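1. I would like to see how this sequence folds:
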Amino acid sequence: MQRIVPIALAVLGLSLLPSPSLAADGNAVRGQRVFGACAACHSLEPDRNMTGPSLADLWNRKAGTLPSFTRYSSALKSSGVVWSDKTLNEWITDPQHLVAGNVMTFAGIKNAQQRADLLAFLKEATRPGQAPRGGMAGMMRNGGVQNLKQLQPQEKVQSIQHCDDTYRVTTADGKTRDFWERNLRFKTDSSNEGPEKGAPAILGAGMMGDRASVIFAAPEEISGFVAHPCSGK
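-> Have a look, this model is predicted:
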């Protein structure tokens, strides 16, 4: 009986040791590839927010508290969650399970190894002053978003005319394209990568090449830029 006690204590002591870091178990190189799916919504550049907040300096930050990001859900702001290996793993597994009612449109990553790899990459890439490595570094810093202050002639909108159900968009290369009105989206980008005022950009969208987005520097430019009616009408 006397031998059982120290053995039991030894087993208990082992169970209380901290578990290895999930990030430490992952591969940052593989994780960089996994992050490609996140880069459309999240930047790694400090205070460069996109659909979601910047992930720079993420570890030990309380959820919903980045001052430069104003679109947090009430659920996330009141969650009390602090980002760590454990909470980020739970969030990446199933955001709704960790914080019910949040508005992140992401179902989660169910593969444990992919999560570990992603955490390993993020832990390295989100440290202050840490630039992403490898051939995808530029995409990771900018979230894959094109700088709209540096446009090719075919991307720079000169005029837009609307007639019936059609927009006619003329670009700086002198070409005019017709778009069904439901296939042309008007957007704004007021960031440092957004277009110059009065010089909206047009970017193609859709697999068939029949859709596009016209991006303005500010919302008040939109109505003033579209002429009615079309020429010749």
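2. Please make it C-alpha for all contacts and neighbour counts, starting now.
-> OK.
3. Quick one: end-to-end length of stretch 52-67, please.
-> Distance between the two ends of stretch 52-67: 13 Å, counting by Cα to Cα, to the nearest Å.
4. can you tell me the average pLDDT over that stretch?
-> The predicted model gives stretch 52-67 an average pLDDT of 96.
5. cool, and stretch 188-202?
-> Stretch 188-202 comes out at a mean pLDDT of 93.
6. Kindly export it (C-alpha atoms) in PDB.
-> Extracted C-alpha coordinates of stretch 188-202, given in PDB (Å, rounded to 0.1, in the frame of the first residue of the first chain):
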ATOM      1  CA  THR A 188     -15.000  51.600 -52.000                       C
ATOM      2  CA  ASP A 189     -11.500  51.400 -50.600                       C
ATOM      3  CA  SER A 190     -10.300  54.300 -48.500                       C
ATOM      4  CA  SER A 191      -7.100  52.500 -47.400                       C
ATOM      5  CA  ASN A 192      -3.500  53.300 -48.500                       C
ATOM      6  CA  GLU A 193      -4.000  50.700 -51.300                       C
ATOM      7  CA  GLY A 194      -7.200  52.300 -52.500                       C
ATOM      8  CA  PRO A 195      -7.600  54.200 -55.700                       C
ATOM      9  CA  GLU A 196      -6.900  57.900 -56.100                       C
ATOM     10  CA  LYS A 197      -9.900  60.200 -55.700                       C
ATOM     11  CA  GLY A 198     -11.600  60.600 -59.100                       C
ATOM     12  CA  ALA A 199      -9.800  57.700 -60.500                       C
ATOM     13  CA  PRO A 200     -11.800  54.500 -59.800                       C
ATOM     14  CA  ALA A 201     -10.400  51.100 -60.700                       C
ATOM     15  CA  ILE A 202     -12.100  48.200 -62.400                       C
END
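7. Contacts for it next, please.
-> For stretch 188-202, contacts defined as Cα atoms under 8 Å, 6 or more residues apart in numbering pick out 145-149, 151, 155-158, 212-219, 221.
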